[in-house]
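# Structure of the sequence below:
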Amino acid sequence: MNIEEIVKGARETMSKVDISGVNFLAVQVNLTGENGGVFYIEIKDGKVNVEPYNYNDRSCGITISPDNFAKLISGKLDPVMAFTTGKLKVDGDVGKALEFSKLLK
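Down below sits the predicted model:
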């Protein structure tokens, strides 16, 4: 999968997520490896935005391989297990990363 396909998949997945109760959450996703890149997922004012850019005022950042991110948003990879096994790294507020992971379930 390339970055464009991953961003498209993230948009589709996030459009189905219940974001009620989330005032603001901005997660920058750093994809590693050959097909890597950067994009962000922002929940603000009752809307979800997924864009292929850096996000300077993010709540947290996660670093993960493209394959593992695809598994993460499809529900095939548990975020806590990914974190504890080193498949996912968090930069910034770990609580916000957990909030993001709960949205994916």
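# for this structure, what spans make up the helices?
Per DSSP state H, the chain carries helices over the ranges 3-14, 66-74, 79-84, 94-104.
# Show me which residues of the longest one are buried.
Neighbour-count burial for helix 3-14, with 16 or more other Cβ atoms under 10 Å as criterion, is recorded at Ile3, Ile6, Val7, Gly9, Ala10, Thr13, Met14. Bear in mind the C-beta positions are built from the backbone N, C-alpha and C, glycine included.
# pLDDT check: weakest of those residues?
Ranked by pLDDT, the buried residues of helix 3-14 bottom out at Ile3, which has 87.
# correct me, but that residue touches Gly37?
Yes. Taking Cβ atoms under 8 Å as the definition, Ile3 is a contact partner of Gly37 at 3.6 Å.
# overlap in contacts of these two?
Residues touching both Ile3 and Gly37 (Cβ atoms under 8 Å, 6 or more residues apart in numbering) are Leu31, Pro52.
# circling back: export the buried residues of helix 3-14 to CSV and tack on distance to Met81?
Shown next, in CSV, are the buried residues of helix 3-14 (distance: Cβ to Cβ, whole Å):
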residue, distance to Met81
Ile3, 24
Ile6, 20
Val7, 24
Gly9, 21
Ala10, 20
Thr13, 19
Met14, 21
